[in-house]
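**Student:** Attaching a predicted model along with its sequence, questions to come.
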Amino acid sequence: MKQKRLVFAIATALAGSPMLANSTVTLNDDGTTTGVSVWAKESKRDDTAVAIIDGITANNLEISVPVGFGFPSGGVERFVRLDLQGAKFKGSPVCDVSAITGGAVCISRTGGNGATYANFKVTSGATAVPSNGLISFTLTATEGLTPSNVNEIKITYSLHNNDVSADNLNQSLATGILNKKTGTYVEFKPVISIEATPQLPLTADVSQGFLQFVPDTFSSAGSGPIGFFSYPDPVASSILTLDNIATPADSAPATVASVISAATLTVTGDFTSVQDFTGTSGLGTYSTATNRVYLDTTDPVVAPAKPCDAVSTPASAVTEGTATFDLGTAYTGNAYICIKPNGITPMNPSVYSMAVSFTANTGYVVENYSFDKVGEIRQNGTVLDTPYITTNAGYISRIIFTNTGAKAAPYTSTIVTDSGATATPGVGAIGEIPAGANLQVNAGDLVAFSGKPRGAVRFVITAPNPSIQAVYQTVNLASGDVQSVLLNRRGGGDGK
């Protein structure tokens, strides 16, 4: 899966003016070219695939070149050579000097079909051949070019005063060159290319139990973006991308639908907070909640509107770790990837990545793309989890908090029990850790269990993550053994 820089665009179907398909490529004296044929990059193959850019009837492979160096009338001979970089001729081009008055004649000599070069002889007629006289070269509808694995095909035109110079296979040693110029003949442009724009981190608010975001310019309390991409409308593009070079048919402009039959966007990260909690104990089970991970195609977002204010396209599937969207073949516009917490399950810190995969139509090869970090959720407080606690009568069981901050730190707790057991919060289930001090909370003050006397606790503490530490300690009353276990840290205001 190919990595790309982050700024997303499925640059679709570069459709444009049909005049470009019918125009002749002109190689100017300064090496610039006009009327260059542009073909879908996804259809390009190497030589082993025998993919051909057909000349078709639209003359999209005809090239016109100024002679570049005039020569006298009366049957004077000069020799023209065409060299391809990035392709071979499939068929032999025919030269045409009818635009030069006076009855000049051009004939093919060597090269052409299967070679990277083609040689011609031009003979002047009753009038001199001017330097700006045009020579054209054409390939028939069943001929064309066989491209190699490059992004463009270049062509070099050279005019020689003798055939030995023109026939030299090492043109760098040719000594009879009167004029030479190189320019772009054919370009390959992607119908589909992807970039992504990372979004600023969203902050899950500790004062709301991490059930809502801290509102800002880009997010509301109830929703926010975890990524952004654009999918331009092909009709709006001005670059013509011709269709599949393997079966070009009528050289029709390529479209997304001609290149792919399906596109799937997969976003990876923590989505437990968007799903409907349906369990009564333990971790429970989750619904798909596709209406809480969605695309918002509002663009540009104008205040007071914010990204993710509207649901344009819900995810087609959501699990605890992924959200999937079916983009199809006609999806256009800009879109924020949005998350909307359910207000029941606290949000965990998470980094979100995304990938887009394609199902290519026959005759095309389309790259899949991935992006490591397009969005993030952070917390502005501290979350600590006990691996377990027990209220067994044979033990002293307690949580010891340390607050190194300058402010008291309020905390709340959530108890998780074994299946079939229940937990009743005690007076220590909520409280406050004094500034610059320790706080001991006995397990018996924290919770009363019925059934199995054990469980786990999550503490949510309104304080910067680095300022809070905690340990769970048990003392075996019979043996005096002491065990201490650091609470697991789930993340905090520094985003770690």
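**Tutor:** Yes, it's here.
**Student:** which residues in the chain form helices?
**Tutor:** 19-22, 163-167, 256-259, 443-446 (DSSP state H).
**Student:** Which among these is found nearest to residue 346?
**Tutor:** Across the helices of the chain, residue 346 has its closest neighbour in helix 443-446 (18.5 Å, C-beta to C-beta). (Glycine included, C-beta is placed from N, CA and C.)
**Student:** Give me the nearest residue to residue 181, chain neighbours excluded.
**Tutor:** Spatial nearest neighbour of residue 181, chain neighbours left out: residue 31 (5.0 Å); criterion: C-beta to C-beta, 6 or more residues apart in numbering.
**Student:** do residue 446 as well
**Tutor:** residue 428 (4.4 Å).
**Student:** where does the one you found land on pLDDT?
**Tutor:** On pLDDT, residue 428 comes in at 94.
**Student:** Where does the prediction get shaky in this structure?
**Tutor:** 1-23, 44-60, 141, 149-150, 231-253, 277-289, 299-304, 330-333, 490-496 (pLDDT under 70).
**Student:** For the closest residue to residue 182 other than its chain neighbours, list the residues it contacts.
**Tutor:** Spatially, and ignoring its direct neighbours in sequence, residue 182 is nearest to residue 156 (4.3 Å; C-beta to C-beta, 6+ apart). Residue 156 makes contacts with 81, 82, 83, 85, 171, 180, 181, 182, as judged by C-beta atoms under 8 Å, 6 or more residues apart in numbering.
**Student:** And for the last one, the neighbour number?
**Tutor:** It refers to residue 182. Residue 182 has 15 neighbours, counted by other C-beta atoms under 10 Å.
**Student:** Can you get me a residue count around residue 405?
**Tutor:** 16.
**Student:** Over to residue 379?
**Tutor:** 23.
**Student:** Could you measure from it over to residue 328?
**Tutor:** Residue 379 sits 36 Å away from residue 328, taking C-beta to C-beta, to the nearest Å as the criterion.
**Student:** Contacts for stretch 116-123 next, please.
**Tutor:** By C-beta under 8 Å, 6+ apart, stretch 116-123 touches 67, 75-85, 87-89, 92-93, 95, 97, 104-112, 129, 135, 137, 163, 166-167.
**Student:** try 7 Å this time
**Tutor:** With contacts defined as C-beta atoms under 7 Å, 6 or more residues apart in numbering, stretch 116-123 is touched by 75, 77-84, 88-89, 92-93, 95, 97, 104-112, 135, 166-167.
**Student:** what do you get for stretch 293-312?
**Tutor:** Counting by C-beta under 7 Å, 6+ apart, 218-220, 223-225, 271, 274, 291, 313-315, 318, 323, 325, 333-339 sit against stretch 293-312.
**Student:** In strands, which of those appear?
**Tutor:** 224-225, 313-314, 318, 323, 325, 333-339 (DSSP state E).
**Student:** Could you identify the buried members of those?
**Tutor:** When the ones in strands among the contacts of stretch 293-312 are checked for burial by 16 or more other C-beta atoms under 10 Å, the buried set is 224-225, 313-314, 318, 323, 325, 334-339.
**Student:** Tabulate these (CSV), appending distance to residue 405.
**Tutor:** Putting those into CSV (distance: C-beta to C-beta, whole Å) gives the following:
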residue, distance to residue 405
224, 27
225, 31
313, 44
314, 42
318, 37
323, 36
325, 42
334, 42
335, 41
336, 35
337, 35
338, 34
339, 30
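**Student:** just those now: which is nearest residue 373?
**Tutor:** Once C-beta to C-beta is applied, the member of these that ends up nearest residue 373 is residue 337, at 12.7 Å.
**Student:** Quick check: the closest one touching residue 267?
**Tutor:** Yes - using C-beta atoms under 7 Å, residue 337 is in contact with residue 267, at 5.8 Å.
**Student:** any common contacting residues for those two?
**Tutor:** Common neighbours of residue 337 and residue 267 (C-beta under 7 Å, 6+ apart) are residue 227.
**Student:** Give me the helices and strands touching the longest strand belonging to the chain, please.
**Tutor:** Across the chain, the longest stretch assigned as strand under DSSP E is strand 177-189. With contacts defined as 3 or more C-beta pairs under 7 Å, 6 or more residues apart in numbering; DSSP states H and E, the packing partners of strand 177-189 are strand 25-27, strand 37-40, strand 152-160.
**Student:** now with 6 Å?
**Tutor:** strand 37-40, strand 152-160 (3 or more C-beta pairs under 6 Å, 6 or more residues apart in numbering; DSSP states H and E).
**Student:** partners of the last one in the sheet?
**Tutor:** It refers to strand 152-160. Sheet pairing here is set by DSSP bridges, and for strand 152-160 it gives strand 77-85 (antiparallel), strand 177-189 (antiparallel).
**Student:** In it, which residues are buried?
**Tutor:** 152, 153, 154, 155, 156, 157, 158, 159, 160.
**Student:** who touches residue 71 in this structure?
**Tutor:** 78, 129 (C-beta atoms under 6 Å, 6 or more residues apart in numbering).
**Student:** Quick check: bridge partners of it?
**Tutor:** Counting by DSSP bridges, the residues bridging with residue 71 are residue 129.
**Student:** ok, now how distant is it from residue 63?
**Tutor:** Residue 71 is 21 Å from residue 63, by C-beta to C-beta.
**Student:** and what of residue 80?
**Tutor:** From residue 80 to residue 63 the distance is 12 Å (C-beta to C-beta).
**Student:** Out of the helices of the chain, the one nearest residue 191 is which?
**Tutor:** helix 256-259 (4.8 Å).
**Student:** Out of the buried ones among the ones in strands among the contacts of stretch 293-312, give me the two with the largest separation.
**Tutor:** Between any two of those (C-beta to C-beta), the greatest distance is 22.1 Å, for 318 and 334.
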